[in-house]
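Enquirer: Would you be able to build a 3D model of this:
(2 chains)
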Amino acid sequence: MQKFNLYYAWLLLLAVAPFSLQAQVDLFAEKEEPITDIVTATFKTTRVVNGHSIENVGKGILDFRILHRFGQFSDGAYNLFGLDQASIRLGLDYGITKNWMVGIGRSTFEKQYDAFTKIRLLSQTTGGREFPLSLSYAATVIYKSVKNPTTAYVPYQSDRLSYAHQLIIARKFGDYFSFQVTPTYFHYNLVQTQTTPNDFMSVGLASRIRISKRVNLTGEYYYRINKLPNPDYKDALSIGFDIETGGHVFQLHMTNSTGMTERTFIHETTGEWGKGNIRFGFNVSRVFTIVKPKEFRNPAGL
Amino acid sequence: MKQQMTKIAAVVILLVCAQYSQAQKVYATKTGQIAFNASSPIEKIAAINNQTDSKFVGENGQVIFAVLIKGFKFENQLMEDHFNENYMESTKFPKADFKGYITNIKDVNFSKDGSYPVTLDGNLTLHGVTNKVTATGTMKVAGGAPEMEGTFKIKLKDYKVEGLYIGEKIAPEVAITVKCKYQ
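Expert: The predicted model follows:
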């Protein structure tokens, strides 16, 4: 008899067990997986002032950029404190993928043509799987097309080329502060004298400080580890504001550099802040969507 | 021996019955679509998220939707950045979710193909603020796989989403469209 009871108790338990399990299906109580968040907007746009920032343009986006620098304040009232003069780079940047962009440009300074590619290798993440910084690689080739003065040496076309290789290491410290270090290797195919080296190293330091939702203070400094022998060349220092409007980011800044290519601003900056050789400048960017994100190619109801 | 057989048969039958009555099926998807439209006469502002996580229980209508704010794709990259950085503060509030019930789930017959009107009632958490919302839509059943579609509107100020352009370039009221195909 007792065996019989036990048996039915066991049977009952078996029958009830699935029911009690079933009562536990509660979607609201389900545990949430931690979210890995890729850090975005470390800088507001693809350039800090003259140099590259860690940011890329989005996939399928064409970015038309007008970079403009006036003359130096120290030119005085006759040149309206530099406003009479201009140095310009017109450029087109394009995002091939989310992490890979290319661009071309033409500068008035030395009639330079330049082309670059920038690839995001690592991204800073928070949350589930944390990673402390973002890393990109940028390579630029610059062609100096200005006609040479007639000399005994007739230059090859390749003599006009120079190259920059940059590793861009950046970290966003919360919403209000970002910092970037940019070790740079630069190669000139042709230098002035036989004793001058062709290869140069420098380190760029850049930062962004958020002032308001739409205004950010930026700064950029390139320290040259080895330098061209000309003592007139100084380290490039620029301070600016990134102002976000609906359709674009507008950058206003003060800089001691004339040109806007790596060749010119890193190693051939002639201005000296202490002497007032400061130029007022701005970068205007206008983006065009060339390839729509896949979500929008068949926009039902939108 | 015969008694033994009867016992085993009884156990098997009971277990089978138990399994059948456990028809509390959970329908789920990780690729649902949530889109919103906050366009104004001046500017088109629309985004799509195709990574919506959603589940519902066929038995009692308990339903849940969750999306990552950064998963919303805009046509304009810069607009997407502004959406995340200035309006939704998606670093601080990475996720939005809805937890509630399909109030008339009993009207849906999952074993019969057709289109059934449904009403959803629950709490929407967005930008760190939770509000009650009600949405209407349809549940389409085809071959046992239900597909839920619905729309509802929210006011940005109810969720403390603030910004210069709201009410101007950005509509103060946003239409949200949900489309999820469950398995």
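Enquirer: If you count neighbours, what's buried in stretch A:234-253?
Expert: Within stretch A:234-253, the residues scored as buried using 16 or more other C-beta atoms under 10 Å in any protein chain shown are A:234-240, A:242-244, A:246, A:248-251, A:253. For every residue, glycine as well, the C-beta is placed using N, CA and C.
Enquirer: surely residue B:49 meets residue B:72?
Expert: Yes. Assessed by C-beta atoms under 8 Å, residue B:49 is found in contact with residue B:72 at 4.7 Å.
Enquirer: what pLDDT does the spatially most central residue of chain B get?
Expert: In chain B, the C-alpha nearest the mean C-alpha coordinate belongs to residue B:65, at 3.5 Å (C-alpha atoms, centre = their mean). On pLDDT, residue B:65 comes in at 94.
Enquirer: Am I right that it sits in a strand?
Expert: Yes. Under DSSP: H, G, I helix; E, B strand; the rest coil, residue B:65 sits within a strand.
Enquirer: Nearest spatial neighbour of the residue of chain B found nearest chain A, chain-adjacent residues omitted?
Expert: Chain B approaches chain A most closely through residue B:77 (3.1 Å), counting by C-beta to the nearest C-beta. Closest residue in space to residue B:77, ignoring its immediate chain neighbours: residue A:58 at 3.1 Å, by C-beta to C-beta, 6 or more residues apart in numbering or on different chains.
Enquirer: quick one, phi/psi of that neighbour?
Expert: phi -70, psi 160 (degrees, to the nearest 10).
Enquirer: roughly how far is stretch A:72-80 from the heart of the chain?
Expert: From the chain centre to the centre of stretch A:72-80 is a distance of 32 Å (C-alpha atoms, centre = their mean, to the nearest Å).
Enquirer: What is the neighbour count of the nearest residue to residue B:143 once chain neighbours are set aside?
Expert: Distances taken as C-beta to C-beta, 6+ apart place residue B:113 nearest to residue B:143, at 6.9 Å, with adjacent residues excluded. Residue B:113 has 12 neighbours, counted by other C-beta atoms under 10 Å in any protein chain shown.
Enquirer: How about the one 5 residues further on?
Expert: Number of residues near residue B:118 (other C-beta under 10 Å) recorded here: 23.
Enquirer: The one 4 residues further on now?
Expert: Applying the criterion other C-beta under 10 Å, we find 21 residues in the vicinity of residue B:122.
Enquirer: Check which helices and strands the helix or strand containing it is in contact with.
Expert: Following DSSP states H and E, one finds residue B:122 within strand B:114-126. Strand B:114-126 makes packing contacts with strand B:95-102, strand B:129-142, strand B:145-155 when contacts are defined by 3 or more C-beta pairs under 8 Å, 6 or more residues apart in numbering or on different chains; DSSP states H and E.
Enquirer: can you give me the offset of it from its chain's centre?
Expert: Distance, centroid of strand B:114-126 to centroid of chain: 8 Å (C-alpha atoms, centre = their mean).
Enquirer: what's in contact with that strand?
Expert: If you take C-beta atoms under 8 Å, 6 or more residues apart in numbering or on different chains as the criterion, strand B:114-126 is touched by B:63, B:93, B:95-105, B:107-109, B:130-141, B:148, B:150, B:154, B:159, B:161.
Enquirer: Tell me the pLDDT of residue B:142.
Expert: On the pLDDT scale, residue B:142 is placed at 89.
Enquirer: Same check on the one 4 residues further on?
Expert: The confidence metric pLDDT takes the value 92 at residue B:146.
Enquirer: same check, this time on residue B:90
Expert: For residue B:90, the model assigns a pLDDT of 89.
Enquirer: which SS class is it?
Expert: Judged by three-state DSSP, the three-state class of residue B:90 is coil.
Enquirer: check contacts around it.
Expert: A:37, B:68, B:69, B:70, B:83, B:84.
Enquirer: Kindly report the same for residue A:266.
Expert: By C-beta under 8 Å, 6+ apart, the residues touching residue A:266 are A:51, A:164, A:184, A:186, A:200, A:202, A:204, A:222, A:224, A:236.
Enquirer: residues contacting residue 70?
Expert: As the question left the chain open, I've gone with chain A. When contacts are counted by C-beta under 8 Å, 6+ apart, residue A:70 is found next to A:82, A:83, A:85, A:86, A:279, A:280, A:281.
Enquirer: Hmm, no, I was thinking of chain B.
Expert: Contacts of residue B:70 (C-beta under 8 Å, 6+ apart): A:37, A:38, A:40, B:84, B:90, B:94.
Enquirer: helix/strand/coil for residue A:50?
Expert: At residue A:50 the chain is in coil, as set by three-state DSSP.
Enquirer: show me what contacts it?
Expert: Contacts for residue A:50 (C-beta under 8 Å, 6+ apart) come out as A:67, A:220, A:236, A:238, A:255, A:257, A:260, A:265.
Enquirer: and the gap between the closest residue to it other than its chain neighbours and chain B?
Expert: Distances taken as C-beta to C-beta, 6+ apart put residue A:265 closest to residue A:50, at 4.4 Å, once the chain neighbours are dropped. Distance, residue A:265 to chain B, by C-beta to the nearest C-beta, to the nearest Å: 25 Å.
Enquirer: doesn't residue A:256 make contact with residue A:265?
Expert: No. In this structure, residue A:265 is not within contact of residue A:256 by C-beta under 8 Å, at 9.0 Å.
Enquirer: Which of the two has more residues huddled nearby?
Expert: Set side by side, residue A:265 and residue A:256 show more neighbours around residue A:265, with 25 against 22, by other C-beta under 10 Å.
Enquirer: And the residue nearest the centre of chain A?
Expert: The centre of chain A sits closest to residue A:53, judged by C-alpha atoms, centre = their mean, with a distance of 2.2 Å.
Enquirer: What spatial separation is found between that one and residue A:109?
Expert: 21 Å (C-beta to C-beta, to the nearest Å).
Enquirer: wait, what's in contact with residue 157?
Expert: In the absence of a named chain, chain A is used. Contacts for residue A:157 (C-beta under 8 Å, 6+ apart) come out as none.
Enquirer: That was the other one, I meant chain B.
Expert: By C-beta under 8 Å, 6+ apart, the residues touching residue B:157 are B:166, B:172.
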